[in-house]
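Undergrad: Sharing a model that was predicted from the sequence below.
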Amino acid sequence: MAEVSLGFDTIKVRGGYDPKDHNYAVSVPIYQTASYELGDTERFERIRSFSESGFLYTRIGNPTVDVLEQRIAALDGGRAAIAVASGMAAITYSLLNIAEGGGRILTTHQLYGGTVDHFKELFPKFGIAVDKVENPDDIESFRKAIKEDTKVIYIESISNPNAIVADIEAIANLAHEYDIPLVVDNTFATPYLLNPLKYGADIVVYSATKAIGGHGNVIAGVIVEGGTYNWSNGKYPQFTAKHYLLRDAEGNERSFAEAAPGAPFVTRIRMNYLAYFGAVLSPFDAYLVLLGLETLSERIQKQVANTEKIIRYLEKEEKVLWIKHPSAEGSPYKELAAKYLPKGAGGVFSFGIKGSETQIDTFINSVKLFSYQANVGDARSLIVNPPKITHGELSPDEQKVADITSETIRLSIGLEDGEDLIADLKQAFNAAFK
Ligand SMILES: Cc1ncc(COP(=O)(O)O)c(C=O)c1O
């Protein structure tokens, strides 16, 4: 199927899958197998040397997972994708694949708490330093923070939890000026609202646990390779070093750049990180993500519509101090959102409650429809207090820099009736401030 010429909604239900190759099954089958018959020794040699495609062992590839990979790559306009067992694995594998062996990651303070904490606690133990820009809205702030051994810039397209919108094109141009790649966590936007590769990003990562899966029933991650970055520019010798593992059919050792010229980045993740660090996505979980993906556009459209209704209500609620979402009145991200997110800025945002800690706790404890939990992008609406939960790993000082104040509440808007959600928030305000 020539997927490039097909529309988003066609790809999301059909991409990467031809029923003829799967006993004419309409729904993508779950290939619940650990390993595969090799056929004969010659066939194994052809698959091993990449002269024929095929599966050897589910830790490095599985036909159900493969459909998901092809589908997401097509939705994002990427060259190839690889699915992994979680969004965290997608982030970690991507950044280690670039900066392993030393170097620096340049990023912002405005990131998911787990990402902040593993940058702080774990990456330095792998010889990788992390620098943060002072002002994520100022491209010169990024420029100032680039050092000789900066290997990559990493950002969230819509940040967690305050929904700040990154100027991806400007940041990608800057990264390329210094010959380094840009990795974008596009979890909040999903491929439906934004394709970062179109604006120059080189690698896109997702927590598919969130809106891509969309039903709060699976943990999954995806990495998409744009296919345009030159990994052989001398800064990343891991892509040009010869490997015994990558021998061609004649037995000549090759590098990842030689063995997989179209997609060296995800191929290296597959053959090294997935194969040896092993955070593999199971075929059943890939099936759940594929099922969720089939309704991605419809869900996001409804979530965006509900979000805008709820923001209109919160703007009038006297106990609300502020709202952080591009569609909120006075948001400084309106212009960037108009450029990057014309279909809407997603269904996750934060707001501040004017009240004591006890009143904020009572508000959370009083909602009946919103589920109190640390997830986003679910079909159900969710509520959480980021300073204690999703960003609880950050010290008070780090929270201050990241603009996560004690009164911050994050909502992830689901598919319920918008009026019911508003009524739920109203009665929770009444309970907290009676
Ligand atoms: C923006 C963002 N990226 C990545 C992750 C990590 O994803 P996962 O929970 O699938 O490991 C999260 C999780 O909450 C997130 O909010």
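TA: Done, it's in.

Undergrad: contacting residues around residue 421?
TA: 306, 310, 369, 370, 381, 413, 414 (Cβ atoms under 8 Å, 6 or more residues apart in numbering). (C-beta placed from N, C-alpha, C; glycine too.)

Undergrad: Dihedrals phi and psi, residue 174?
TA: The phi/psi pair for residue 174 (degrees, to the nearest 10) reads phi -60, psi -50.

Undergrad: Neighbours of it, how many?
TA: Other residues lying near residue 174 total 20 when counted by other Cβ atoms under 10 Å.

Undergrad: for it, what are its contacts?
TA: Residues in contact with residue 174 (Cβ under 8 Å, 6+ apart) are 139, 142, 143, 146, 153.

Undergrad: And those, which is closest to the ligand?
TA: Closest approach to the ligand among these (Cβ to the nearest ligand atom): residue 153, at 16.1 Å.

Undergrad: Including pLDDT, could the contacts of residue 421 go into TSV?
TA: Shown next, in TSV, are those (pLDDT from 0 to 100):
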residue	pLDDT
306	98
310	98
369	98
370	98
381	98
413	98
414	98
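
Undergrad: Show me just the buried residues among the contacts of residue 174.
TA: 142, 146, 153 (16 or more other Cβ atoms under 10 Å).

Undergrad: Looking at the contacts of residue 174, which one is closest to residue 75?
TA: Distance to residue 75, by Cβ to Cβ, is smallest for residue 153 among the contacts of residue 174, at 23.3 Å.

Undergrad: so how far is the lengthiest helix in the chain from its chain's centroid?
TA: Counting residues, the longest helix found in the chain (DSSP state H) is helix 296-316. Here helix 296-316 is found 21 Å from its chain centre; the criterion is Cα atoms, centre = their mean, to the nearest Å.

Undergrad: Mind giving me the packing neighbours of it?
TA: For helix 296-316, the contact count by 3 or more Cβ pairs under 8 Å, 6 or more residues apart in numbering; DSSP states H and E identifies helix 8-14, helix 190-193, strand 320-324, strand 348-353, helix 418-432 as packing neighbours.

Undergrad: For those, state which one has the densest average packing.
TA: Highest mean neighbour count of those: helix 190-193, a mean of 26 (counted as mean count of other Cβ atoms under 10 Å).

Undergrad: coming back round to it: got a winner among the contacts of residue 421 for most neighbours?
TA: Going by other Cβ under 10 Å, residue 413 tops those with 29 neighbours.

Undergrad: isn't that one right up against residue 310?
TA: Yes: between residue 413 and residue 310 a contact is recorded at 6.2 Å, counting by Cβ atoms under 8 Å.

Undergrad: Tell me which residues touch the residue in the stretch 51-200 of the chain positioned nearest to the ligand, please.
TA: Closest residue of the stretch 51-200 of the chain to the ligand, Cβ to the nearest ligand atom: residue 87 (2.3 Å). Counting by Cβ under 8 Å, 6+ apart, residue 87 makes contact with 185, 187, 205, 206, 207, 208, 209, 210, 219, 220, 221.

Undergrad: can you tell me how far it sits from residue 315?
TA: Computed as Cβ to Cβ, to the nearest Å, the residue 87 to residue 315 distance reads 31 Å.

Undergrad: Where do the strands of this protein begin and end?
TA: For the chain, the strands defined by DSSP state E occupy 80-84, 103-107, 128-132, 150-156, 182-185, 203-207, 221-225, 320-324, 348-353, 371-372, 382-384, 408-412.

Undergrad: coming back round to it: list just the nearest of the contacts of residue 421 to residue 95.
TA: Once Cβ to Cβ is applied, the member of the contacts of residue 421 that ends up nearest residue 95 is residue 413, at 29.9 Å.

Undergrad: thinking again about what came up before, and the strands of the chain as JSON lines, adding mean pLDDT and distance to the ligand?
TA: JSON lines is the format used below for those (pLDDT from 0 to 100; distance: least, Cβ to the nearest ligand atom, whole Å):
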{"stretch": "strand 80-84", "mean pLDDT": "98", "distance to the ligand": "9"}
{"stretch": "strand 103-107", "mean pLDDT": "97", "distance to the ligand": "12"}
{"stretch": "strand 128-132", "mean pLDDT": "98", "distance to the ligand": "16"}
{"stretch": "strand 150-156", "mean pLDDT": "98", "distance to the ligand": "5"}
{"stretch": "strand 182-185", "mean pLDDT": "98", "distance to the ligand": "5"}
{"stretch": "strand 203-207", "mean pLDDT": "99", "distance to the ligand": "3"}
{"stretch": "strand 221-225", "mean pLDDT": "99", "distance to the ligand": "5"}
{"stretch": "strand 320-324", "mean pLDDT": "98", "distance to the ligand": "15"}
{"stretch": "strand 348-353", "mean pLDDT": "98", "distance to the ligand": "8"}
{"stretch": "strand 371-372", "mean pLDDT": "98", "distance to the ligand": "15"}
{"stretch": "strand 382-384", "mean pLDDT": "98", "distance to the ligand": "10"}
{"stretch": "strand 408-412", "mean pLDDT": "98", "distance to the ligand": "10"}
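
Undergrad: If anything else comes up later, I'll come back, but that's it for now.
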